[in-house]
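**Q** here is a sequence together with a model predicted from it:
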Amino acid sequence: MNTEPDLAAQRRDPGPLTPADTEELFATHARGVYRYARSRLPDAEAGDVVAEVFAIAWRKGELPDNPRAWLLGVARRVMANQVRAQHRRNALAERVRTHPAPPGQDDVRLVAELDELRRALDLLRPADREVIELLAAAELSTSEVAQVLGCTTATAATRVYRARRRLRAAYERLTEEGS
Amino acid sequence: MEDDELTRARRALRGVDPELDLRQVYAESWARAQDAEAHDDWASDERVEIVLHGTGPDGRRTRRIPRRAPVLAWGVAAAAAAAVVVVVVSVAGLPPQGAAPGGAPPTSSVSAPSGPAPSDSPTADTGSTPAPLPSAGLTSAAVVDRAAHAVAIASCGVKTRSSLGDESTSRFYEPGATDTETPKPAPLDQQPLQLLHTVAAGAALHLADLEGTDYRLHDSLTLEGRDSPTPEKDSTTLARIRLTPPAGLVQDGDVTRMELLIDTTTWLPHSEQTWAESADGREYLVLSEFQWTTCDGASPSTIDTEP
C-alpha cells in the first residue's frame, strides 16, 4: 500500500491566497476534509466542519506550505471544538432521527460500509483511530501524519504500522463475529 | 485479491463523497469568512459557529452561538467566580450541591451500592468499592462545567500525588499555577511518572481551559459510589469522565486516555487515571489523587519524588 502519495501534487509554494487559489484549494481538498470529518460525525456536522475549516483558511489569507496536512490539522481542531457543543449536536441528531430522509439503494450500501468501518474503529485505541482516520480520509504520507499529529516522522511511522495492524485485526474480528 | 485494511477503510470513506454538496459548502464557507470579524488567527477565535440543517421549507439555517472565552488562569477565574452564586444542582438521584472547598460538609449523600473495585482503579487498594450508578441525565460536559467552576473557587491550592508501579511523586500547586498548562514535551520513556503526573494535573486543574484545546471529551459518563474510609463521613458519589488527550503531549509516545473522577459533592477532581504508550509499545498507567487545601494555610510548591 502506498502511504507516500505524490507529495509534489500536494505541496504549494506558501504565499498570499488569491481568489483562484481559494477555489483550487477547495476543489482539491474539500472531499478529503469531509471524509476525515465523516469518519466520526454525521453528514450534516461533517459538512459543517468542512465549511468552518475553509472559512478559517480564507481568513488566514495565506497558502500554507502543505495545504492538505494543514487543512486536516485545522479539521482536527475544529472537530475537537465541536465535541463541546455536544448537547446541541444531540438536539440535531434528535431532529434528524425524527425527520429521516428515505434511504436509497446507494445509501444502504454506504451506511453498511461506513458502519463497518466505524465498528472497526471503535475497537481501536483513540491514538490508533486517529491515525487510521487520517490515512483513510486523505491518504496522507507518513510525514504528513507526523505534521498533523505533531510528532516526529519516526514516531508517526511506528504509529501507522501499529494502527494498521490493529485495524486489520479489528476487521478480522468483525468478520468472525458476523460469520 | 482481498482488499487490505486500509483499502477497505478508504473505500468506506470514499462512499460518502456524494453526500457533500460542494457548491453549497463552498458558498457557506466563503460567507463565514466574509462575515468574520477581524480574526487574524484562527487559534484566537473566540466564537464557534454551529450550523443547523433545517428540515422545513427554509432548508438550511445558520445560527451563531457565542462561545465562552476560556479562563486563562486560576486567579482570574477565582476573582470572577467570587461574584457568582453557587448553583444548586437539582439532578434527580444525585446528592445536592455541596459546600465550596473549605466550607461546611454536605448534609446528605447517596447510599452507594457496593461492588468489586476495578483492578485499575486508583483507589482499588484502599478498600473503596466503586459501583456504577444511574447517571440521572447528567452529561460529561455538565460535569466538566461544574468541576471547572469548583476548581476556580478552590483558590488555596491542591496537593497531587501520582504513582506508577512502586514509584510515586507528589506536588502542591498553588492558585494560578501555570506550569501545568502546557507540559514540556519530553521523551515518555525517560521520566514517565513526572511527565504523566504533570499531564494529569494539567487536565484536572485547567478544566475550564479544555474548551480551547484539542482534548476530546467523551459522551460516556458513569457515576460510582465510593464508601468513606471513616465511618464518620458519608460515602461519596464520583462522576467518571473520559478524555482523549491531543497528540504531542509527550515525545516518542502518546498519552492515549485519561479518566477523571469528580466528587459530585464538591465537584472537585478526586482522582485520575492516565494511560500512555511509548513508541516502542511500552504501556504506562499513572494513578493520581487530589487533596484540595482549605484556605487556612497552604504549603509552598515543592516536588518530592519517592522511590
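**A** All right, it came through fine. Numbering: from 1, shown residues only, chains lettered A, B, ... in the order given.
**Q** the helix or strand where B:Ala276 lies pairs with which strands, and in what direction?
**A** Using DSSP states H and E, B:Ala276 sits within strand B:269-278. Paired with strand B:269-278 in the same sheet, following DSSP bridges, are strand B:253-263 (antiparallel), strand B:283-292 (antiparallel).
**Q** a markdown table for those, including mean neighbour count and mean pLDDT?
**A** C-betas here are computed from N, CA, C, even on glycine. Listed next are the strands paired with strand B:269-278 as a markdown table, based on neighbours: other Cβ atoms under 10 Å in any protein chain shown; pLDDT from 0 to 100:
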| stretch | mean neighbour count | mean pLDDT |
| --- | --- | --- |
| strand B:253-263 | 24 | 89 |
| strand B:283-292 | 20 | 90 |
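**Q** so which residue is smack in the middle of chain A?
**A** Nearest to the geometric centre of chain A sits A:Tyr36, at 1.3 Å (Cα atoms, centre = their mean).
**Q** these two touch, right, that residue and A:Ala138?
**A** Yes - contact status for A:Tyr36 versus A:Ala138: in contact at 6.2 Å, counting by Cβ atoms under 8 Å.
**Q** quick check: neighbours shared by those two?
**A** Common contacts of A:Tyr36 and A:Ala138 (Cβ atoms under 8 Å, 6 or more residues apart in numbering or on different chains): A:Leu72.
**Q** mind giving me the domain ranges of chain B?
**A** B:5-66, B:74-306 (automatic domain parsing).
**Q** return the member of those having the minimum mean pLDDT.
**A** Mean pLDDT values for the domains of chain B show the minimum at domain B:5-66, a mean of 61.
**Q** the residue nearest to the centre of chain A falls within a strand, correct?
**A** No - counting by DSSP: H, G, I helix; E, B strand; the rest coil, A:Tyr36 is not found in a strand; it is helix.
**Q** find the nearest non-adjacent residue to it, please.
**A** Computed as Cβ to Cβ, 6 or more residues apart in numbering or on different chains, the closest residue to A:Tyr36 that is not its neighbour in sequence is A:Ala137, at 3.6 Å.
**Q** how far away is that neighbour from B:Ala200?
**A** 31 Å (Cβ to Cβ, to the nearest Å).
**Q** who has more neighbours, those two?
**A** Per other Cβ atoms under 10 Å in any protein chain shown, whichever of A:Ala137 and B:Ala200 has more neighbours is B:Ala200, with 28 against 24.
**Q** which residues are in contact with the more buried one?
**A** B:Ala200 neighbours (Cβ under 8 Å, 6+ apart): B:Thr160, B:Ser162, B:Met258, B:Glu272, B:Thr274, B:Val286, B:Ser288.
**Q** quick check, it in a helix?
**A** Yes - assessed with three-state DSSP, B:Ala200 lies in a helix.
**Q** mind checking how far it is from B:Phe290?
**A** 9 Å.
**Q** and B:Leu238, what is it in contact with?
**A** Counting by Cβ under 8 Å, 6+ apart, B:Leu238 touches B:Pro130, B:Leu223, B:Glu224, B:Gly225, B:Arg226, B:Leu261, B:Ile262, B:Asp263, B:Thr264, B:His270, B:Ser271.
**Q** quick check, nearest of those to B:Ser170?
**A** Distances from B:Ser170 to those, taken as Cβ to Cβ, are shortest for B:Ser271 (13.3 Å).
**Q** how many residues are close by that closest one?
**A** With other Cβ under 10 Å as criterion, B:Ser271 counts 25.
**Q** ok, now B:Ala141?
**A** B:Ala141 has 18 neighbours, counted by other Cβ under 10 Å.
**Q** so it sits against B:Leu217, correct?
**A** Yes - assessed by Cβ under 8 Å, B:Ala141 is found in contact with B:Leu217 at 6.5 Å.
**Q** distance check, B:Leu207 against A:Glu45.
**A** 24 Å.
**Q** which of the two has more neighbours?
**A** B:Leu207 (26 against 22).
**Q** please, which helix or strand holds the closest residue to that one other than its chain neighbours?
**A** With Cβ to Cβ, 6+ apart as the criterion, B:Leu207 has its nearest non-adjacent residue at 4.0 Å, and that residue is B:Ala148. Assigned by DSSP H and E, B:Ala148 belongs to helix B:140-153.
**Q** which elements pack onto that helix?
**A** Judged by 3 or more Cβ pairs under 8 Å, 6 or more residues apart in numbering or on different chains; DSSP states H and E, helix B:140-153 is in contact with helix A:86-98, helix B:74-81, strand B:216-226, strand B:236-244, strand B:253-263.
**Q** just how off-centre is the top helix by length along chain A within its chain?
**A** Criterion DSSP state H: the longest helix present in chain A is helix A:153-178. Computed by Cα atoms, centre = their mean, to the nearest Å, the chain-centroid distance of helix A:153-178 equals 17 Å.
**Q** repeat for stretch A:128-148
**A** Centroid displacement of stretch A:128-148 relative to its chain, using Cα atoms, centre = their mean, is 8 Å.
**Q** please put the alpha-carbon coordinates of that stretch into PDB.
**A** Taking C-alpha atoms only, stretch A:128-148 is exported to PDB below (Å, rounded to 0.1, in the frame of the first residue of the first chain):
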ATOM      1  CA  ASP A 128      -4.700   4.300  16.500                       C
ATOM      2  CA  ARG A 129      -8.200   5.500  15.500                       C
ATOM      3  CA  GLU A 130      -6.800   9.000  14.800                       C
ATOM      4  CA  VAL A 131      -4.100   7.700  12.500                       C
ATOM      5  CA  ILE A 132      -6.400   5.500  10.600                       C
ATOM      6  CA  GLU A 133      -8.900   8.300  10.100                       C
ATOM      7  CA  LEU A 134      -6.200  10.400   8.600                       C
ATOM      8  CA  LEU A 135      -4.800   7.700   6.400                       C
ATOM      9  CA  ALA A 136      -8.200   6.600   5.200                       C
ATOM     10  CA  ALA A 137      -9.600  10.100   4.600                       C
ATOM     11  CA  ALA A 138      -6.800  11.700   2.700                       C
ATOM     12  CA  GLU A 139      -4.200   9.100   2.000                       C
ATOM     13  CA  LEU A 140      -1.600  11.100   4.000                       C
ATOM     14  CA  SER A 141       2.100  10.300   3.800                       C
ATOM     15  CA  THR A 142       3.800   9.400   7.000                       C
ATOM     16  CA  SER A 143       5.400  12.800   7.200                       C
ATOM     17  CA  GLU A 144       2.000  14.500   6.800                       C
ATOM     18  CA  VAL A 145       0.600  12.300   9.500                       C
ATOM     19  CA  ALA A 146       3.500  13.500  11.700                       C
ATOM     20  CA  GLN A 147       2.700  17.100  10.800                       C
ATOM     21  CA  VAL A 148      -1.000  16.800  11.700                       C
END
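**Q** averaged pLDDT, that stretch. What do you get?
**A** 89.
**Q** my guess is A:Ala154 meets B:Ala279, correct?
**A** Yes - taking Cβ under 8 Å as the definition, A:Ala154 is a contact partner of B:Ala279 at 7.4 Å.
**Q** these two: who's more crowded?
**A** B:Ala279 (22 against 12).
**Q** got the residue ranges for the strands in chain B?
**A** According to DSSP state E, chain B carries its strands in the segments B:47-53, B:60-66, B:132-133, B:158-164, B:167-173, B:216-226, B:236-244, B:253-263, B:269-278, B:283-292, B:303-306.
**Q** A:Met79 is nearest to which of these?
**A** strand B:216-226 (8.1 Å).
**Q** the helix or strand A:Arg129 falls within versus strand B:236-244: what angle between them?
**A** A:Arg129 belongs to helix A:126-138 when assigned by DSSP H and E. Per axes from the mean of the first three to the mean of the last three Cα atoms, to 10 degrees, the angle that helix A:126-138 makes with strand B:236-244 is 40 degrees.
**Q** great, nothing more from me.
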